[in-house]
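Novice: sequence-free structure coming up:
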């Protein structure tokens with residue numbers, strides 16, 4: 001239940017995905033081995049994200065859902081219909 005950024009942006013999306021990745025992968029592996037990898041994940045996301053594409057594929061409902069839902073619901077179960085997912089390596 002995070003505050004929903006007022007503006008749809010790659011930075012906000014990538015930061016949210018990176019934060020969720022760290023938490024979910026640590027939970028899934030019952031470890032802390034992914035702690036600290038968020039900045040790397042966010043920077044990789046920023047390399048491939050484009051504002052125009054993000055805005056064309058994001059509805060106000062899906063944007064809010066990504067931040068208001070748990071990481072597990074939003075990314076693990078794609079509850080926000082945002083084609084979001086994660087994979088621990």
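Specialist: Happy to help now that I have it. Treat the numbers as computed from the prediction; the structure is a model and nothing was measured. Numbers count the residues shown, from 1 in each chain.
Novice: just the buried positions in stretch 44-53, please.
Specialist: Residues of stretch 44-53 classed as buried: 45, 49 (neighbour count, 16 or more other CB atoms under 10 Å). Where C-beta positions appear, they are placed from N, C-alpha and C, glycine not excepted.
Novice: what's the mean pLDDT across that stretch?
Specialist: For stretch 44-53, mean pLDDT is 94.
Novice: can you give me the helices in the chain?
Specialist: With DSSP state H as the criterion, the chain has helices at 10-29, 38-48, 51-57, 60-68, 71.
Novice: out of the ones you listed, which is the most enclosed?
Specialist: helix 71 (a mean of 20; mean count of other CB atoms under 10 Å).
Novice: mind giving me the packing neighbours of it?
Specialist: With contacts taken as 3 or more CB pairs under 8 Å, 6 or more residues apart in numbering; DSSP states H and E, helix 71 sits against helix 10-29.
Novice: what's the angle between the helix it packs on and helix 38-48?
Specialist: 130 degrees (axes from the mean of the first three to the mean of the last three CA atoms, to 10 degrees).
Novice: what comes into contact with helix 10-29?
Specialist: 2, 5, 32-43, 45-46, 49-51, 54, 66-67, 71-72, 74-76, 84, 86, 88 (CB atoms under 8 Å, 6 or more residues apart in numbering).
Novice: JSON lines for the helices of the chain, including distance to residue 80?
Specialist: Formatted as JSON lines, the helices of the chain follow (distance: least, CB to CB, whole Å):
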{"stretch": "helix 10-29", "distance to residue 80": "11"}
{"stretch": "helix 38-48", "distance to residue 80": "16"}
{"stretch": "helix 51-57", "distance to residue 80": "12"}
{"stretch": "helix 60-68", "distance to residue 80": "4"}
{"stretch": "helix 71", "distance to residue 80": "11"}
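Novice: how far away is residue 56 from residue 42?
Specialist: From residue 56 across to residue 42, the span is 22 Å (CB to CB, to the nearest Å).
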